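*Asks:* Sequence first, then the predicted structure, then my questions.
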Amino acid sequence: MAFHRLPWRDFDAFARMTGDRAMVRRLRGAERSRRKLLLYALIEDAAKAPEHLGPLPSIETVWELLARVEEASPVAFDRLLDHPYTGAWAGYTTRLLRNGLDGVGPLWIHLGHVHAIAAAAAIRAAKAAILAANEEDMRAAENLMIKDLSLAGAGLPVGGIATSTGPGTFPTKIGCDQTSCYLPGAAPVGIPLPNNHLYWLIPGAGKGPTINAVSGPTDVVTVVYADTSFPLSVYDVTLNGAAATSAWANGVMSP
């Protein structure tokens with residue numbers, strides 16, 4: 001990591017709004033190094049307290065992925081560091097972790113954003129290495145994934161949504177529709193929700209389809225947020241079991 005030295009003339013020029021590009025580059029370089037130190041400190045703190053990670057994969061895998069991305073594509077790595085939300089999130093989550101607080105959701109959800117950052121950085125690094133003919137498709141997929149990750153939890157209550165439990169109920173799963181399951185493995189049976197809760201961000205390390213037999217199963221992530229424009233009216237509601245007498249749809253109870 002570079003050692004930064006800012007001359008007094010930079011501060012004077014900044015105060016007078018007369019700085020040049022060289023001054024901006026020096027300021028951005030110093031801020032980037034500060035965020036990198038903050039990010040690595042957060043990962044180190046999380047590694048010392050793995051009980052706070054909940055269902056998330058090991059934090060060491062994030063460290064290794066970020067290190068590979070920085071080596072393969074420093075531009076992609078720096079672009080994620082430069083994002084305004086990265087610094088705000090890292091500072092906020094570090095305070096939560098060191099004080100043992102949950103914040104607006106379970107602590108592991110806040111820590112889980114480092115996995116999302118590593119994944120986004122890896123996507124950007126991979127995009128830099130693909131052929132120009134595929135670049136547009138990759139950019140569209142990347143933007144869609146980043147948008148979904150950034151919307152995690154929007155419109156949902158703190159702590160996620162509890163699912164039904166107890167006698168006569170069936171476990172709620174992800175990776176399934178009304179007729180079939182598609183994850184995980186060759187004989188998919190669905191992925192049970194952790195702690196019977198539909199959390200904002202649910203990682204699934206090694207639970208995705210196998211694209212390359214040598215590499216093994218891919219990873220999946222389930223992002224949950226409220227979509228007020230989703231056309232629920234085109235779907236039918238089916239009640240399971242003869243004992244069910246009513247259901248709620250569009251805010252109206254039907255017998």
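*Replies:* Arrived safely, thanks for sending.
*Asks:* show me where pLDDT drops low in the stretch 1-150 of the chain?
*Replies:* Within the stretch 1-150 of the chain, the set of residues satisfying pLDDT under 70 comprises 1-2, 127-139.
*Asks:* Where does the residue nearest the centre of the chain sit, in terms of helix or strand?
*Replies:* Within the chain, one residue has its C-alpha closest to the average C-alpha position: by Cα atoms, centre = their mean, that is residue 116, at 3.3 Å. Assigning secondary structure by DSSP states H and E places residue 116 in helix 107-129.
*Asks:* roughly how far out does that helix sit from the chain middle?
*Replies:* Between the mean C-alpha location of helix 107-129 and the chain-wide mean there is a distance of 7 Å, by Cα atoms, centre = their mean, to the nearest Å.
*Asks:* Tell me which helix or strand residue 66 sits in.
*Replies:* Residue 66 belongs to helix 59-72 when elements are defined using DSSP H and E.
*Asks:* buried stuff in the helix holding residue 116?
*Replies:* Going by neighbour count (16 or more other Cβ atoms under 10 Å), the buried part of helix 107-129 is 107-125, 127. For every residue, glycine as well, the C-beta is placed using N, CA and C.
*Asks:* do stretch 150-163 as well
*Replies:* Neighbour-count burial for stretch 150-163 flags 152, 153, 156, 159, 160, 163 (criterion: 16+ other Cβ under 10 Å).
*Asks:* just checking, what packs against the helix holding residue 66?
*Replies:* Counting contacts by 3 or more Cβ pairs under 8 Å, 6 or more residues apart in numbering; DSSP states H and E, helix 59-72 is packed against helix 21-48, helix 74-82, helix 107-129.
*Asks:* I'd like those laid out as a markdown table, including distance to residue 171.
*Replies:* Formatted as a markdown table, the entries for the helices and strands packed on helix 59-72 read as follows, by distance: least, Cβ to Cβ, whole Å:
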| stretch | distance to residue 171 |
| --- | --- |
| helix 21-48 | 29 |
| helix 74-82 | 36 |
| helix 107-129 | 21 |
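*Asks:* Between those helices, which one is closest to residue 65.
*Replies:* Residue 65 lies closest to helix 107-129 among the helices and strands packed on helix 59-72, at 4.6 Å (Cβ to Cβ).
*Asks:* on contacts alone, who are the packing partners of that closest one?
*Replies:* helix 21-48, helix 59-72, helix 74-82, helix 84-99, helix 132-150, strand 201-204, strand 220-223.
*Asks:* Out of the helices and strands packed on helix 59-72, which gets nearest to residue 63?
*Replies:* The closest of these to residue 63 is helix 21-48. By Cβ to Cβ, the value is 5.4 Å.
*Asks:* how about the strands in the stretch 151-255 of the chain?
*Replies:* Per DSSP state E, counting those that start in this stretch, the stretch 151-255 of the chain has strands spanning 161-162, 173-174, 191-192, 197-198, 201-204, 210-212, 216-217, 220-223, 247-249, 252-254. These are given in chain order.
*Asks:* Quick one: residues in contact with the second one.
*Replies:* When contacts are defined by Cβ atoms under 8 Å, 6 or more residues apart in numbering, strand 173-174 is touched by residues 181, 183, 189, 190, 191, 192, 193, 202, 222.
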